[in-house]
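Visitor: Take a look and give me a structure for this.
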Amino acid sequence: MLTRAELKQQAKEQLKGNLGMLFLCTLIVTAISFVIALIPVVGTVATYIIAPPLSLGLIMVYLSVTYGEKVEIGTLFNGFQCFGKSILLYILITIFTLLWSLLFIIPGIIKAYSYSMAFYILAENPDMTAKEALNESKLIMNGHKMELFVLQLSFILWILLTCITFGIAGIYVYPYMQLTTTNFYHNIKRKEEPVYEAAAEVVE
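Guide: Prediction:
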């Protein structure tokens with residue numbers, strides 16, 4: 001297992017030569033989501049339909065960097081190959097997180113971390129169902145939720161810098177954070193192929 005410092009250093013190395021394209025991909029996803037949200041009446045519904053596959057595609061972009069592959073804008077739209085699954089996965093995460101949050105805020109946050117690797121898993125295993133990806137995320141995040149929380153918390157000064165610079169620092173900070181999270185995923189995922197049957201437990 002890599003330490004937080006090692007995960008961050010790995011991300012910094014991966015950013016070299018890729019920062020511009022990663023920021024461009026992020027900007028495209030943000031712009032598309034923003035424009036769709038402005039559409040009268042249907043904007044909100046359209047966002048929930050378009051955002052999941054776009055988010056999945058963006059994760060595929062970051063995964064490609066960690067694989068040592070060239071960043072291509074076209075990868076952004078590969079998420080639409082799992083169009084239905086990405087939407088269902090997004091809905092499941094939203095519903096279950098909300099239900100746990102109705103009990104208390106803390107259980108909702110804990111469950112959100114349990115489900116946080118689901119889109120990464122679906123990106124690497126497109127043959128999985130949404131439910132299987134969600135359960136696989138629960139499985140690999142068991143015992144690692146606090147690690148991810150502390151890892152994200154360690155970026156607090158970078159986030160403050162982004163606020164102070166009115167978002168300009170985000171050109172570097174967001175890709176840096178996202179790559180670090182992607183490396184965290186690689187660090188905790190099961191090295192063998194996920195066993196779908198093992199991930200077929202009841203989602204909660």
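
Visitor: tell me the SS of residue 116?
Guide: coil (DSSP: H, G, I helix; E, B strand; the rest coil).

Visitor: Report the residue spans of this protein with pLDDT below the cut-off.
Guide: Within the chain, the ranges that satisfy pLDDT under 70 run 41, 43, 191-204.

Visitor: Please enumerate the helices of it.
Guide: In the chain, the segments counted as helices under DSSP state H are 4-15, 19-37, 43-66, 83-103, 105-114, 118-124, 130-141, 145-153, 156-164, 170-188.

Visitor: other SSEs contacting the shortest one?
Guide: Packed against helix 118-124 by the contact rule (3 or more CB pairs under 8 Å, 6 or more residues apart in numbering; DSSP states H and E) you find helix 43-66, helix 83-103, helix 130-141. (Glycine included, C-beta is placed from N, CA and C.)

Visitor: Just the buried residues of that helix, please?
Guide: Neighbour counts over helix 118-124 (16 or more other CB atoms under 10 Å) mark 118, 119, 120, 121, 122, 123, 124 as buried.

Visitor: Would you mind listing the outside residues contacting it?
Guide: 55-56, 59-60, 63, 79, 82, 85-86, 89, 93, 128, 130, 133-134, 136-137, 140, 182, 185, 189, 194 (CB atoms under 8 Å, 6 or more residues apart in numbering).

Visitor: returning to what we had before: kindly reformat the helices and strands packed on helix 118-124 as TSV and extend each row with mean neighbour count.
Guide: As requested, these are exported to TSV (neighbours: other CB atoms under 10 Å):
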stretch	mean neighbour count
helix 43-66	20
helix 83-103	17
helix 130-141	23
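
Visitor: Dump those to CSV, plus distance to residue 176.
Guide: Below are those laid out as CSV (distance: least, CB to CB, whole Å):
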stretch, distance to residue 176
helix 43-66, 11
helix 83-103, 24
helix 130-141, 22
